[in-house]
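Trainee: coordinates for the following, if possible.
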Amino acid sequence: MWQRGPVMLPSLFQALHQLYYDPNIENKNLAQKWLMQAQVSPQAWHFSWLLLHMDKVPEIQYFGASALHIKISRYWNDIPADQYESLKSQLFTHITRFASGSKIVLTRLCVALASLALSMMPEEFQTSRLPQYRKGQVRSVLAQECGSVFPLLEQLLQQQDSPGFIKQKVLKCFSSWVQLEIPLMDCENLIQAAFTSLQDPELFDTAVEAVVNAISQPDAQRYVNTLLKLIPPVLGLQEQLRQAVQSGDMETSHGICRIAVALGENHSRACPAPGDVALLDQVEHWQSFLALVNMIMFCTGIPGHYPVNETTSSLTLTFWYTLQDDILSFEPDKQAVYQQVYRPVYFQLVDVLLHKAQFPSDEEYGFWSSDEKEQFRIYRVDISDTLMYVYEMLGAELLSSLYDKLGRLLTNTEQPSTWQHTEALLYGFQSIAETIDVNYSDVAGLGRGSPSETSFGLILFVCAGALSEWLADHPVMINNVLPLVLQALGNPELSISSVSTLKKICRECKYDLPPYAANIVAVSQEVLMKQIHKTSQCMWLMQALGFLLSALQVEEILKNLHSLITPYIQQLEKLADETPNPSNKLAIIHILGLLSNLFTTLDISHHDDDHESTEVKKLPVQQGPNPVVVVLQQVFQLIQKVLSKWLNDAQVVESVCAIFEKSVKTLLDDFAPMVPQLCEMLGQMYSTIPQASAIDLTRQLVHIFAHEPAHFPPIKALFLLVTSVTLTLFQQGPRDHPDIVDSFMQLLAQALKRKPDLFLCSNLDVKAVFQCGVLSLKFPEAPTVKASCGFFTELLPRCGEIAPVGQVVHENGKVLLQAVLEGVGGQASRSLMDHFAEILFALNKHCFSYLSVWIKEAMQQDGFPSARVSPEQKETFSQQILSRERVNKRRVKEMVKEFTLLCRGLHGTEYTADY
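Mentor: As a prediction, the model looks like this:
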């Protein structure tokens, strides 16, 4: 048996012989185990070299080379710094000797040499947590060592018989070292060698990373001569790039593009320091740099749809920002020269970007995943941002060019364009329209000439962006734009864009539109009568007219309202006399919807105006009745007549309530004259057939008018009536009406918030209301439970100030607590726990002495609120709820969440890790 303890050569030879030649498997295993220990022993630094003598057999030499590799790669810290050079020299000597010897030994020695180089990598420095000043010192020392490291790396990389994985490690080592801001001229040879490695598919990715890291150093732009030497090898990659594109090799095209962009993006800029020069400013080399720019242009326009067919083009977009910034930073005379050279390039860029922004065919797009569609959407946003930026350089000439392209596109009958082509061009217009500083003179010329389809598409999509706000600041342009928009309203193919554009113009520019109001109303009325647009566009159009009329005098508003809605009132009168059927139901809902949308935006008091931007233009608050109220009073009886026949139809009732609800929200106090008759009508409606929409409208009236003494009597009567009818509904079984229960709970909460005195009414059964709330907490519908929790969080703080509420809570609070604990125990959705916690917090704050008794009694029940929690866990929760932390709402919510997980058997599971 070989010797144990300190490793001696005889024992080593004996173990190696046994490993390689002994037929006994057990002996082989023992030998291997001992040799593995020997390789990591301190003596390995010595015996490794002895085993490499040329008179030894390859098996022994291989073991020596492997031992060296292990020691260098794993025990680097054992070597004193003053012996690095000696170790490197010995390795080179042995590699030279074995160049004509055993290949497996040579390979192992090369691996050891690569490990030596990698052991000197500064990766640990990059990830260390040294103080900043220490990092600077270490960086400086490491950078000085590159003189001894780089020649070693060059030799390994350029050596013909170096294995691929060795070169791979060398490139990674170089990539790490250059991040220490090594002067670019010191990296030149290795960069050139890395370019050569780009031809090897196995080394390609690592070589790309090394080259990009080297030429992307912030300090690299100082070394202009070295940068100039790098342009030819980058341009030399064009054929490899084209072949990659043709063969669909996205990885290769992506990598070459990264190199080209890194060189162009990081070194086109002018350097501020004295004596510094940039590539762009090297006049004698401008042609080579222009060739680099064209190479990047090829990458921008690489064939295929991003991100499915290519992922390269997005890399180039920031380069065009950088280049433009550099050009515009020159002095005026110098800038003019570069503009002359690069303006054609940027016009080409616009064409390329518009092509890349095109959607694929409908069939192809249908196969895209949702993730691919989202990436494409973001990509188009990036293109839009680039086009906005390019406008700063190209100005009016860009708009004119796009305008001409659109004209040719839409008038070419011989070769009809696809919708994708047209949409992309219009998308370009929209992008430029969103530029906040579009010049007036640039846009002014676009509306001249005959208002062709080209003009329609252009103006509509420009306005659909941010131009409506721009028009508000340049009202003189409205005369150019508005006729085109109005003419487009008659084109069904431009329905969505034309109506949305008019709506935006009427909203943003309403104070400049009175001279055009009659024409806008007439055209709108005509297209509405012709039923050109779908229902949703008709509603938008009425909203646009509401914005428009808001800026007129009351007399003008009433005049326009009369002409606008009279045909619909006449039609509604006719429908009200007919026997209800599905056809006239749709017509009634449509007319009621038109009125609702008109009254949503018709606001002569300008409640929704942006005070900063429109205060100067605001009209004085008008005297007399509000035009909307006048119209509503005129049609009130007709609406009642419609209701009398359609009271059983929830959609019609909802449409009627929507007219008044939207009017109340818009007019606020101006709606006051309508309050008494509306309250009466709502009471009749709800008494006949309870519906949630009637409660929602009641809630709006309570919110706005309940605090005003003049309107309190009708509001009070309506509130009591709705409450009485709903309580009756609860007695009959409310589970079939969760929407009514939801709306009722919201009404109660609103009443407590705006007018708590409503709960002082002698004929309000507060106890019954309380019990209904408790019952609602057990509904399966989450919105209903949430509304019920909202009711109790408003009710409990009133215990002290409203005697009937205090009495009911003290007598029935335990029932409420029990319902809350049941929900926490698992009966309610976990998403509702914060809302249940709100009730516990309110009970704690306003009924603490009662709560401390109630929770103790409730928790004594076996299996309550869940069989999964122990008595100790229930006791802990009770104490937490009653502890000093009860005043911290956030902590109460955390307690409830933790307890509900225990009750559901989910505590500590991965399922609730983020809960």
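Trainee: now residue 47: which helix or strand?
Mentor: Following DSSP states H and E, one finds residue 47 within helix 44-51.
Trainee: and that helix, what other elements does it pack with?
Mentor: Counting contacts by 3 or more Cβ pairs under 8 Å, 6 or more residues apart in numbering; DSSP states H and E, helix 44-51 packs against helix 9-21, helix 58-74. In short, each C-beta sits where N, CA and C put it, glycine included.
Trainee: isn't residue 424 up against residue 350?
Mentor: No: Residue 424 is not in contact with residue 350 according to Cβ atoms under 8 Å; the separation is 11.1 Å.
Trainee: from residue 573, how far off is residue 634?
Mentor: 12 Å (Cβ to Cβ, to the nearest Å).
Trainee: er, residue 342 I mean
Mentor: 68 Å.
Trainee: okay, now the unreliable bits of the stretch 351-500 of the chain?
Mentor: 410-411, 413, 416, 433-470, 474 (pLDDT under 70).
Trainee: that one: helices as residue ranges?
Mentor: Taking DSSP state H, counting those that start in this stretch as the criterion, the stretch 351-500 of the chain carries its helices at 362-366, 370-394, 396-411, 419-433, 440-444, 453-462, 468-473, 478-488, 495-508.
Trainee: next, count neighbours for residue 46.
Mentor: Per other Cβ atoms under 10 Å, the neighbour tally for residue 46 reads 11.
Trainee: for residue 862, phi and psi?
Mentor: Backbone geometry at residue 862, expressed as degrees, to the nearest 10, gives phi -70, psi 140.
Trainee: what about it, how many residues nearby?
Mentor: 6.
Trainee: tell me the pLDDT of it.
Mentor: For residue 862, the model assigns a pLDDT of 91.
Trainee: and it, how far from residue 484?
Mentor: From residue 862 to residue 484 the distance is 78 Å (Cβ to Cβ).
Trainee: cool, residue 638 as well?
Mentor: 38 Å.
Trainee: of those two, who's got more company?
Mentor: Shown here are residue 638 and residue 484; by other Cβ under 10 Å, residue 484 has more neighbours (21 against 14).
Trainee: I'd say residue 633 and residue 673 touch.
Mentor: Yes: judged on Cβ under 8 Å, residue 633 makes contact with residue 673 at a distance of 7.4 Å.
Trainee: how many other residues sit next to residue 336?
Mentor: That count, for residue 336 with other Cβ under 10 Å as the rule, works out to 10.
Trainee: distance of it relative to residue 504?
Mentor: For residue 336, the distance to residue 504 (Cβ to Cβ) stands at 38 Å.
Trainee: and residue 758, by the same measure?
Mentor: Residue 758 is 42 Å from residue 504, where distance means Cβ to Cβ.
Trainee: for residue 62, same thing?
Mentor: Taking Cβ to Cβ, one finds residue 62 at 78 Å from residue 504.
Trainee: same question, residue 257
Mentor: Separation of residue 257 from residue 504 (Cβ to Cβ) stands at 39 Å.
Trainee: ok, now which ones touch the nearest residue to residue 102 once chain neighbours are set aside?
Mentor: Counting by Cβ to Cβ, 6 or more residues apart in numbering, residue 102 lies nearest to residue 58, which is 4.4 Å off, once chain neighbours are set aside. Neighbouring residues of residue 58 by Cβ atoms under 8 Å, 6 or more residues apart in numbering: 102, 104-105.
Trainee: how near is the residue positioned nearest the centre of the chain to residue 357?
Mentor: The geometric centre of the chain, computed from its C-alpha atoms, lies nearest to residue 378 (Cα atoms, centre = their mean), at 9.3 Å. Distance of residue 378 to residue 357, given as Cβ to Cβ: 12 Å.
Trainee: mind listing the helices for the stretch 651-800 of the chain?
Mentor: Under DSSP H, counting those that start in this stretch, the stretch 651-800 of the chain gives helices at 675-688, 692-705, 712-732, 738-754, 766-776, 782-795.
Trainee: tabulate those in TSV, adding columns for distance to residue 227 and mean pLDDT.
Mentor: Putting those into TSV (distance: least, Cβ to Cβ, whole Å; pLDDT from 0 to 100) gives the following:
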stretch	distance to residue 227	mean pLDDT
helix 675-688	78	93
helix 692-705	69	94
helix 712-732	79	94
helix 738-754	68	95
helix 766-776	74	95
helix 782-795	63	96
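Trainee: reformat those as JSON lines; add distance to residue 365 and mean neighbour count.
Mentor: Shown next, in JSON lines, are the helices of the stretch 651-800 of the chain (distance: least, Cβ to Cβ, whole Å; neighbours: other Cβ atoms under 10 Å):
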{"stretch": "helix 675-688", "distance to residue 365": "48", "mean neighbour count": "18"}
{"stretch": "helix 692-705", "distance to residue 365": "40", "mean neighbour count": "23"}
{"stretch": "helix 712-732", "distance to residue 365": "50", "mean neighbour count": "18"}
{"stretch": "helix 738-754", "distance to residue 365": "39", "mean neighbour count": "23"}
{"stretch": "helix 766-776", "distance to residue 365": "47", "mean neighbour count": "20"}
{"stretch": "helix 782-795", "distance to residue 365": "36", "mean neighbour count": "22"}
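Trainee: among those helices, which is nearest residue 475?
Mentor: Of all these, helix 692-705 sits nearest to residue 475, with 34.8 Å by Cβ to Cβ.
Trainee: looking at residue 342 and residue 573, which one has more neighbours?
Mentor: A side-by-side neighbour count of residue 342 and residue 573, using other Cβ under 10 Å, places residue 342 first with 19 against 13.
Trainee: residue contacts, that one?
Mentor: Residue 342 makes contacts with 293, 323, 327, as judged by Cβ under 8 Å, 6+ apart.
Trainee: save the residues you listed as CSV, and put in distance to residue 902 too.
Mentor: Putting the contacts of residue 342 into CSV (distance: Cβ to Cβ, whole Å) gives the following:
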residue, distance to residue 902
293, 65
323, 62
327, 66
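Trainee: just the buried members of these?
Mentor: Burial by neighbour count, 16 or more other Cβ atoms under 10 Å: within the contacts of residue 342 this picks out 293, 323, 327.
Trainee: quick check: which of those has the minimum pLDDT.
Mentor: Checking pLDDT across the buried ones among the contacts of residue 342, the minimum falls on residue 327 at 87.
Trainee: just checking, next helix/strand downstream of the least confident helix or strand in the chain by mean pLDDT?
Mentor: The weakest-scoring helix or strand in the chain, judged by mean pLDDT, DSSP states H and E, is helix 611-614 (a mean of 38). Counting by DSSP H and E, the next helix or strand C-terminal to helix 611-614 is helix 627-646.
Trainee: who's in contact with that next one?
Mentor: 549, 554, 557-558, 561, 565, 569, 572-573, 575-576, 580, 585, 588, 595, 599, 602, 604, 652-653, 656, 659-660, 663, 666-667, 670-671, 673-674, 677, 681, 685.
Trainee: buried ones in that helix, by neighbour count?
Mentor: 627-632, 635, 639-643, 645-646.
Trainee: what's the angle between that helix and helix 675-688?
Mentor: Interaxial angle, helix 627-646 versus helix 675-688 (axes from the mean of the first three to the mean of the last three Cα atoms, to 10 degrees): 20 degrees.
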